[in-house]
Each structure stands twice: as C-alpha cells, then as structure tokens.
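quick one, structure for this:
(chains A, B, C and D)
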There are 2 protein chains.
Amino acid sequence: MNDVAAAAGVALKTVSRVVNAEPGVHPATADRVRAAIDRLGYRRNDSARTLRRGRTASIGLVIEDAADPFYSGLSRAVEDVALRHGFLMFTGSSSEDPARERELVLAFCARRVDGLVIVPAGADHQYLSPELDAGVSAVFADRPSGSGRDLDTVLCDNAGGARTGVAHLIAHGHRRVGFIADAPSIFTATQRWYGYRQALTRAGLPYDPALVAMGPPEPARVLADVTRLLRLAEPPTALFTGNSRTTVATLRALRALTDPAELAAPVALVGFDDFELADLLGITVVSQHPAELGRAAADLLFSRLSGNKEPAQRRELPTHLIVRGSGEGTFRLF
Amino acid sequence: MNDVAAAAGVALKTVSRVVNAEPGVHPATADRVRAAIDRLGYRRNDSARTLRRGRTASIGLVIEDAADPFYSGLSRAVEDVALRHGFLMFTGSSSEDPARERELVLAFCARRVDGLVIVPAGADHQYLSPELDAGVSAVFADRPSGSGRDLDTVLCDNAGGARTGVAHLIAHGHRRVGFIADAPSIFTATQRWYGYRQALTRAGLPYDPALVAMGPPEPARVLADVTRLLRLAEPPTALFTGNSRTTVATLRALRALTDPAELAAPVALVGFDDFELADLLGITVVSQHPAELGRAAADLLFSRLSGNKEPAQRRELPTHLIVRGSGEGTFRLF
DNA sequence: TTGAAAGCGCTAACAG
DNA sequence: CTGTTAGCGCTTTCAA
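Numbers count the residues shown, from 1 in each chain, chains lettered A, B, ... in the order given. You can find the predicted model right below:
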C-alpha cells in the first residue's frame, strides 16, 4: 500500500480509501491510485486488514464427512449463504471424532473466524466457552450441543419423521417392523428410535427389542444385523432404516441375502433420508433437506453476526414422506 | 499475550516462546506462563501471527460444486492431506462460472493462502499471474489450466477411459454406440469424445455425428437427446455416457421412455464415473477415483510448498472398467 | 535463559 | 478532499 501511495503520489490512507471504495476521494486521484495498483499488481493483504478490524469475514464449518452426500449438501448451502454475505468458509470433517471436532473448531477460532456452523461429533462443548466469551457466534446443525450453554440449533423433526415412516408401514399391514439405525450414541439415531417406538405405541403394537439393531452404518455390521432379523423365528415383514447410509447398506444386505430367482425382496422398506437414485430403485423414504438445514443454520448465524441478541433458538425442520413403492408392497432388488 | 506476560510476571517474548514451544525457557517459567494462559483463557491470534510470518498455513480449494459426489470426494481427500500438514482449507464452489472461480481464487489469495487446488471453470488463468509471482502455489485438478503458464496438473486418463468403455461395448457386438456427454466447452467432455472416436476408428466403425449429443447434464436436455437417439431411423443399440450426472440423467430418461411392460432397457449402457448404487443398479462404468485425484493434487501442492522447484508436472491417473451387466447385455430398469 | 525494540500491512481516529 | 499518527497481536532480531 505504501508502494502504491508512492507511485501515485498520494498518502497511504488515500490508497486505503480507494481500495475500500470509501467515499470522499477525488475521481482523478482515485484513477491515479487505481492505475498504480494495476501497474504494481497490488492486492490488499486481508490478514492485516483482519488484524486491524477485528473481523475476518470468514466462518468455519465442521461437518462429519465432506464426502457424505448429506453433509456435502449442507456444506454447499452454508457456503452459498456465506458467499452472499461476502464471507469465506473454512471446512473441516470431524469423522465423528469429538477430539478432531474440537481441534478443528479451535483452529478455526485461532484464525479468528467470526462464526461457526457445527455438526457436533461430541456431546461436550465446554471447550467452546472461552471462544464464545471472546465473541464468536456458533450455530449447531443436525444435532444439538450436548452440554454447556444454550446455543442456536437447527434440527430436523427426527422423531416425527421416523414415526411417520413407521406408521406408513403399519398402515400397509405390517405388524412386525424392524429398526436398523446408527449407534444410540448419535442423537439423530436415538430420536428416530424414539419415533419408531411412538409409532408402535400409537398403533397398539408391542415393542420387541429383538427387532432393533443399532450400530455404525458399516456394510458388514448392517449385513449381520439384517441377517439376524430375517432369521428370527418371527421375522419382520418390513424394515425401517435410520439414515441413508444404513438404507443403502441394507439394500446391499437384502440383495446378498435374497435368492436371485425371487423377484421380490423379502421385506418392505422405508428409509430415513432421501438419496440419489432412490427414485429409480423405488425406495420409499422420509426425506429431510440437507440444503435447507444448512441454509437455516447459516441464516441464523448471520443474523447473530449482524447483531441479533435474542435468546438461543431451536428450529426444527419438517420431514416429508416420499412414496415410491418399497414401503407399500414388496419391491424388486435385481 | 501482553496480559498473559503481565500475569505471569515475564516479558511478552517469553509467552510467545511458550505458546510456540520454542526451546530455551526454564520449565518453572513455562509452567507459570501456562498457568496464566489457562487462567485468562488466552488463545493465540493466528491473524497476527500470519501477518508477521508471511505464511498462513492455509490453502484454498475451488471446485465446481461441493454438493456433487465427485467433487465432494475430491474435497475430502484434499482436506485430509491439508490437515495432515497442519493446514486449514477454505472451500468454494464455482458452479462452472469462470467469474466466480476468479473471485474465489482472488479472495483466497487476499487471505494469503499459501496454496491453491483449482478445478478450473474457465480457460483463462491470466489473473493468476500476479499471485503466482507473489509466491502462491497452484495445482490444477481434473482439468488443465487453459492458458497462461505451465502449471502442475493432475488429470485422469479421460480419452483412454472412454476408449476402453466404448471398446467394451463394441466387443459385445454393438456397432452403433451413442455418445451423451457434457458440453464440448468442458475439457473432460472433449477428451472423452476423442476417446469415443478413437474406439470407433480402431474397430473400423464409422463416426456418425447423429449419434453424438453433448450439452449440460440437465435432466430435460438429456431426456430430449436420448429420445432423439432412440427415435433415429437406425437407433444406437448401446450408449456411452460421459459422466455420472449424465449417466443418472440417462437412466431416468430410459425409464421414462421404456414401456414398463418391457423388463429390459432398449439399449446397453456404459458410463464414465462410478457412482453410489451403480452396483445395485448393475451399471457398468469406467471408474476414476475422485479421492485419488484430490490426494495426488494435494500431495503435489505440498511438495511445492516445501520447496520443490522442479518444472511443472502433469500427472494422468488411470481409469478402471467395472463390469456390472448394463454393458454386456440388456439390463432392467424397473 | 530472558527481554526490548522494531515492524509485518492495514484501518480508526483525528487533523488539516 | 487528503494526510498523519497510533496501534491491532504477533514474531524477528538483537542484546543482556
């Protein structure tokens, strides 16, 4: 900036004014400055700007996995809101590891991001307290903060969505519905499990723990659980799966377990979360919209960044049942 | 840092030494400093550190769309490499818009990122020159830089992959193979088109422009093109699709165009890019590995950041044919 | 082993 | 409309 000022024959501050489009610079002067800027290839150093102004115009996003379609949809939505506000976004994947989540968040804070959107991997967010005191804003998305203070949170209607999906199966005559989902340590899985039980209760059906299988959505584990369920003395006639990864793993398991001579899968199926090609496969799902989740969280964050001091909010986004066949009759897997 | 120094009864510089784990501080002094740090909730301001040191330990990644599975896989791989090096990563989606790519890249440079991984939307990268002169490193991934200087680039074997896929269809008896792909303005689409023609030539088959349809992978446009191809006087007996979005759009088009009473699709199909559930749908694909692309690009970038001054490199990653049924006979769409 | 001083590049506050 | 000065929080350099 000094060099530009010298080249244009003005003071440093005038260059600053031109660079920041501040009013009150004579057009001719401004032109001279701009010419010098171009000639010298000058670009403002935002690190210095940041240091001086105290605001970085950047936010940090911590998700579970940037490669997971659900979170990448959310990520894109947050990015779009950030860019619309002229903010840049750091991204980090926690891989469902609370320590990594913490490291990422603290690294973002050391970079003095103005705000954070966090899909929490851990339940304990004490570590955030000093940062919040220092002025960062944080919004939780997809899952609530486990402890610490009351913070803005955007969730979907996990229990209601699961209840609707299971009720749909029951309405189609199923009286034994299996539940395959993520580990109970994960908030959304527990909520959906609760919705599953609610649906049973409301229909006057008994809750049978043998029909429930919760754990990581890894193919091997899901295959083992689906196998166990189908070999029960009284096997389920339908399955409700707790998220898209589990649904996909269940589809693979069903294919592995089904005699190719049969055209139909041995059970009906409804899954939580929509996924690409679910339409072509004819899978009925309870859909939530990752982009809407991200947008809502980012909007909330930016309202905080522009001074909104209301008490912490907890928004719950609706889910939608999308009927495609797999939950209404049997469906083909081959 | 000043406050911590005062609280610990030492000079600012001693706090700096402790914070950065520099040697030459008496353990007792260091303990006193650490106690003060904890008491005051002090966290180093990385913006100031950055300003002074000239390095930010951050990189910028510009992709086409964070929500696209291909680019989100690439993104996650770059992120992992960055984190392993102790770097943080800004992400931005260009939406295939050269202006937005440029804005993102320049915004990252203003933040003084040390390096960039760019999936170029535009062909002109003149705007990068001043930044490169100023010392940023840049690596291009998935597509080459259109112009300007010679820069590190990581691609996959687009032409070879397409040639293999088309040759596979020809080997299965198809003599009229349709080609549906992205617009010719997109590097990968042009390369794959070239591979398609190569395969025809090598098999002694004529090139028929009527069998080629290139354009944005939007459902409506793909449906129109598939319709046109299938209604040709001499329709293709097989289709080769140029990327996963196009493949999926083609599948939807085929379903829309096929009488549900028929069990089989009217054509055979091989697609460029693997995608989730392609296995369950039985789609034969030419697979490239987005994570490997990202990893290779990031590795190259970090080798530059640690001083590698060799001439620019162009790496080409192999592709793999994955046979699943749709390219070998007819396949079921329902 | 510890500290003092200078300055990274910028903007806020205040003069002229 | 333009300029001067101070200082953001840190690291580098040099000295004790």
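
tally of neighbours for the one residue in the stretch 151-300 of chain A that gets nearest to DNA strand C?
Going by CB to the nearest atom of the strand, DNA strand C is nearest to A:Ala298 of the stretch 151-300 of chain A, at 24.3 Å. Where you see a C-beta, it was placed from the backbone N, CA and C, and this is true even at glycine. A:Ala298 has 28 neighbours, counted by other CB atoms under 10 Å in any protein chain shown.

A:Asn20 too?
With other CB under 10 Å as criterion, A:Asn20 counts 9.

measure it to A:Arg49 for me?
9 Å (CB to CB, to the nearest Å).

kindly report the same for A:Ile63.
Taken as CB to CB, the span from A:Ile63 to A:Arg49 is 28 Å.

more neighbours: which of the two?
More crowded of A:Ile63 and A:Arg49, by other CB under 10 Å: A:Ile63, with 27 against 19.

tell me the phi and psi of that one?
phi -120, psi -180 (degrees, to the nearest 10).

ok, and the closest non-adjacent residue to it?
Closest residue in space to A:Ile63, ignoring its immediate chain neighbours: A:Tyr71 at 4.1 Å, by CB to CB, 6 or more residues apart in numbering or on different chains.

show the model's pLDDT score for the one you found.
For A:Tyr71, the pLDDT comes out at 96.

can you check A:Val286 too?
For A:Val286, the model assigns a pLDDT of 98.

now A:Asn2
89.

quick one: contacts for A:Cys156?
Contact analysis of A:Cys156 by CB atoms under 8 Å, 6 or more residues apart in numbering or on different chains lists A:Asp142, A:Gln288, A:Leu293, A:Glu316, A:Leu317, A:Pro318, A:Thr319.

that one and A:Pro216, how far apart?
From A:Cys156 across to A:Pro216, the span is 21 Å (CB to CB).

got it, and A:Phe90?
A:Phe90 is 27 Å from A:Pro216, by CB to CB.

compare these two (neighbour count), which wins?
Just comparing A:Phe90 and A:Pro216: by other CB under 10 Å the higher neighbour count belongs to A:Phe90, 20 against 15.

now do the strand or helix carrying that one: which elements does it pack against?
Counting by DSSP states H and E, the element that carries A:Phe90 is strand A:88-93. Other helices and strands packing on strand A:88-93, by 3 or more CB pairs under 8 Å, 6 or more residues apart in numbering or on different chains; DSSP states H and E, are strand A:58-63, helix A:69-84, helix A:98-110, helix B:69-84, strand B:88-93.

now the residue of the stretch 151-300 of chain A closest to DNA strand C, what's its secondary structure?
Using DSSP: H, G, I helix; E, B strand; the rest coil, the structure places A:Ala298 in helix.

which ones are touching it?
A:Ile59, A:Ala77, A:Val78, A:Val81, A:Ala82, A:Val117, A:Val139.

repeat that for A:Asp46.
Contacts of A:Asp46 (CB under 8 Å, 6+ apart): A:Thr56, B:Ala110, B:Arg111, B:Arg112.

how about A:His174?
Contacts of A:His174 (CB under 8 Å, 6+ apart): A:Pro236, A:Thr237, A:Ala238, A:Ala268.

what two of the residues you listed have the greatest distance between them?
Greatest spacing in these, by CB to CB: A:Pro236 and A:Ala268 (9.1 Å).

next, work out how far apart the one residue in the stretch 101-250 of chain A that gets nearest to chain B and A:Val105 are.
Nearest residue of the stretch 101-250 of chain A to chain B: A:Pro130, at 3.8 Å (CB to the nearest CB). From A:Pro130 across to A:Val105, the span is 11 Å (CB to CB).

before we move on, the earlier item: nearest to B:Asp97, of the contacts of A:Cys156?
So of these, ranked by how close each gets to B:Asp97 (CB to CB), first place is A:Leu293, at 24.9 Å.

please report phi then psi for the closest one.
phi -60, psi -50.

check A:Ala264 too.
Dihedral pair for A:Ala264: phi -100, psi 150, per degrees, to the nearest 10.

so who does the closest residue to A:Val19 other than its chain neighbours touch?
Of all residues not flanking A:Val19 in the chain, A:Arg44 sits nearest, at 5.3 Å (CB to CB, 6+ apart). For A:Arg44, the contacting residues are A:Met1, A:Val19, B:Ala110, by CB under 8 Å, 6+ apart.

can you check the pLDDT for A:Arg44?
A:Arg44 carries a pLDDT score of 91 in this model.

and it, helix, strand or coil?
coil.

measure stretch A:50-68 end to end?
Using CA to CA, to the nearest Å, one end of stretch A:50-68 lies 33 Å from the other.

what about A:Arg55, distance to B:Tyr42?
Distance from A:Arg55 to B:Tyr42, by CB to CB: 20 Å.

so for these two, which residue has more residues nearby?
B:Tyr42 (19 against 14).

okay, now the domains of chain A?
A:1-44, A:56-156+A:289-318, A:158-288 (the TED database).

out of the ones you listed, the one nearest B:Arg255 is which?
domain A:158-288 (6.5 Å).

how much distance is there from the closest one to the middle of the chain?
Counting by CA atoms, centre = their mean, to the nearest Å, domain A:158-288 is centred 22 Å from the centre of its parent chain.

list the contacts for A:Arg304?
A:Gly115, A:Ser137, A:Val139, A:Asp152.

among those, name the ones in strands.
A:Gly115, A:Ser137, A:Val139, A:Asp152 (DSSP state E).

surely the first one touches A:Ile59?
Yes. Counting by CB atoms under 8 Å, a contact exists between A:Gly115 and A:Ile59, whose distance comes to 4.5 Å.

which residues are in contact with each of those two?
The contact lists of A:Gly115 and A:Ile59 share A:Leu301, where a contact means CB under 8 Å, 6+ apart.

format the domains of chain A as TSV; extra columns: distance to DNA strand D.
As requested, the domains of chain A are exported to TSV (distance: least, CB to the nearest atom of the strand, whole Å):
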stretch	distance to DNA strand D
domain A:1-44	3
domain A:56-156+A:289-318	9
domain A:158-288	35
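
would you single out the least confident of those?
domain A:1-44 (a mean of 90).

ramachandran angles for the nearest residue to A:Leu317 once chain neighbours are set aside?
Counting by CB to CB, 6+ apart, A:Cys156 is the residue found nearest to A:Leu317 once chain neighbours are left out, at 4.6 Å. Dihedral pair for A:Cys156: phi -110, psi 170, per degrees, to the nearest 10.

three-state assignment of the closest residue in space to A:Asp182 that isn't next to it in sequence?
Nearest-residue entry for A:Asp182: A:Ala189, 3.7 Å, with adjacent residues in sequence omitted and distances by CB to CB, 6+ apart. Recorded secondary structure, A:Ala189: helix (three-state DSSP).

ok, A:Ala189 to B:Asn158 distance?
41 Å.

number of residues surrounding A:Leu257?
15.

tell me if I am right that A:Gly291 is in a helix.
Check again: residue A:291 is Ala, not Gly. Yes. Judged by three-state DSSP, A:Ala291 forms part of a helix.

report pLDDT for the residue in the stretch 51-200 of chain A that DNA strand C sits nearest to.
Relative to DNA strand C, the nearest point of the stretch 51-200 of chain A is A:Arg52 (3.6 Å; CB to the nearest atom of the strand). pLDDT, A:Arg52: 90.

tell me which element it is part of?
Here A:Arg52 is assigned to helix A:46-53, by DSSP H and E.

one more: A:Leu269?
Going by DSSP H and E, A:Leu269 is part of strand A:268-272.

who touches that strand?
A:158, A:161-162, A:165-166, A:168-169, A:172, A:174, A:181, A:192, A:237-244, A:246-247, A:250-251, A:254, A:278, A:283-286, A:288, A:319, A:326-331.

and the host helix or strand of A:Trp193, what does it pack against?
A:Trp193 belongs to helix A:187-202 when elements are defined using DSSP H and E. For helix A:187-202, the packing partners by 3+ CB pairs under 8 Å, 6+ apart come out as helix A:158-171, strand A:177-181, strand A:212-214.
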